[in-house]
Every structure is written in C-alpha cells, then in structure tokens.
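[1] Any chance you could fold what I've pasted below:
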Amino acid sequence: MESKNKIVPSSLPKMLADLSHSNQFLKVFSLCLIGLCSLVILLVTVIGNKEPVVLTLTPSAGVLETTSPPKPESEIQAAVKAYIEKRYKWEPNTVVQRLQEAEAFVLPGSMKAYQAAVANIARFSTEKLVSQRVYPEKLNVNFEKRTVSITGDRITAIQGIKAAGDLRLEVSFESGPRSKVNPWGIYITKEKED
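    Numbering: from 1, shown residues only. Alright, predicted model coming up:
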C-alpha cells in the first residue's frame, strides 16, 4: 500500500515575509516622519528667533515709512503755521470759530489776555465785514529767546475792497502738553506785530 503524503507548505515563511515587508514599510514611513518633524522644528526655531516686523499704518491704511525724528525747528515752524492758519485767516462769518480754534495754541495762563485781544477783532470783523488772509513766507526760530519771527504777505478785505500789506509778526512760544488739536505741544505766549 502505498500511502500518499501530501506535503503542506508551512505558512510561517509567508507570514514572516509579510511581517518583514510591513515592518520595512513602517520603518520607511517612520524615517520620513522623523525627517519632516525635524524640518518643521528647524523652521519654527528659525522663525521664532526672528524679530517681529511691525507695520505702522497711516490713517489712509498705507505703510508709514520710518524716518529720523523731526528737527525741533521744523516742529516749531509747523505749530506756528497751524496757529497762524487759525488766528489770522478768517472771514466775517467764521472769525469767531477760527479764533476759538486758535485757543488750542494758547497756554491757560495767557488765555484771558488772548481773549481780550481777539474780542475786538471778532466784533470789528463781523460789523464791518472784514476778512483776512495771510501767507507766511519765512519763519525764523530763535531758541535762545524762544521766539519765531514771521514775514509774509497779508491781504485784508473790508466790505469787498482788498488791500495787501506785509506781515511782520513775532511770537513767543513755550513747550507744553501735547493734545489732539495741538500735537506739537508748542504754545504761543505773546504776539508782537510790526
């Protein structure tokens, strides 16, 4: 009798081969993941050590360029120009408002003298229909005396008749607190017209 024995191949080598293949796949996947994590950690470290970029924007949402700080002389000139714009440019119907706006450039200690001086101007302008425009050309700042000498042109119209003349004005100034209407912090303490 002949008996036939069938040889059954063992499934162990196939299982080992499958395990080895999946193990290789996991090893490659793990190495790629470690490389990616290392790259991310390196990028985060580099970006984290950089200084932040601060963008300052203008009121119209444009990028404000950083420049050197303004010179004190130009700041004083800008403040005096703004004061002159409010104090010496008016029409009969706006004279009171413009003179009140100019009060932002007068120290509280000098306010009574200022109001007494401009009360006559406001009354005369509204009664006689006087308007005035000034065009400053030259502003010389004297830091020792704390004065600004202003020269330019003045056009005055009385009931529609215009007259042109020279503007020669000297104002004394002091530094004080900054405000929304006076961002320069320059205050006029005394005016002297020639």
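
[2] Show me the residue sitting in the middle of the protein in space.
    Thr58 (5.6 Å; C-alpha atoms, centre = their mean).

[3] show me the contacts for the closest residue in space to it that isn't next to it in sequence.
    Excluding its sequence neighbours, the residue lying closest to Thr58 (C-beta to C-beta, 6 or more residues apart in numbering) is Leu64, at 5.1 Å. All C-beta atoms are positioned from the backbone trio N, CA, C, and that covers glycine. Leu64 is in contact with 56-58, counting by C-beta atoms under 8 Å, 6 or more residues apart in numbering.

[4] next helix or strand past the longest helix anywhere in the chain?
    In the chain, with assignment by DSSP state H, the single longest helix is helix 12-49. Per DSSP states H and E, the first helix or strand lying C-terminal to helix 12-49 is helix 72-87.

[5] Just the buried positions in that following helix, please.
    Neighbour-count burial for helix 72-87, counted by 16 or more other C-beta atoms under 10 Å, picks out 75-77, 79-80, 82-84, 86-87.

[6] Provide the secondary structure category for Leu169.
    Secondary structure for Leu169, judged by DSSP: H, G, I helix; E, B strand; the rest coil, is strand.

[7] Who does Val106 form a beta bridge with?
    With DSSP bridges as the criterion, Val106 is bridged to Ile188.

[8] Tell me who's in contact with it.
    Val106 is in contact with 114, 187-189, counting by C-beta under 8 Å, 6+ apart.

[9] quick check, nearest of those residues to Asp166?
    The shortest approach to Asp166 among these belongs to Ile188, at 20.4 Å (C-beta to C-beta).

[10] Surely the closest one touches Glu170?
    No - Ile188 is not in contact with Glu170 according to C-beta atoms under 8 Å; the separation is 10.8 Å.

[11] in this protein, which ranges drop under the pLDDT threshold?
    Residue ranges of the chain with pLDDT under 70: 1-2.

[12] now the residue nearest to Thr58: how far from Ala17?
    68 Å (C-beta to C-beta, to the nearest Å).

[13] So Thr156 belongs to a helix, correct?
    No - assessed by three-state DSSP, Thr156 does not belong to a helix; its assignment is strand.

[14] Would you quantify the distance from it to Lys86?
    17 Å.

[15] Who are the packing partners of the longest helix of the chain?
    Using 3 or more C-beta pairs under 8 Å, 6 or more residues apart in numbering; DSSP states H and E, no helix or strand is in contact with helix 12-49.

[16] In it, which residues are buried?
    Buried-residue list, helix 12-49, by 16+ other C-beta under 10 Å: empty.

[17] swap in stretch 127-134?
    Neighbour-count burial for stretch 127-134 [16+ other C-beta under 10 Å]: 130-132, 134.

[18] Can you give me the neighbour number for Leu139?
    When neighbours are defined as other C-beta atoms under 10 Å, Leu139 has 20 of them.

[19] Quick check, it in contact with Ser149.
    Yes - assessed by C-beta under 8 Å, Leu139 is found in contact with Ser149 at 7.4 Å.
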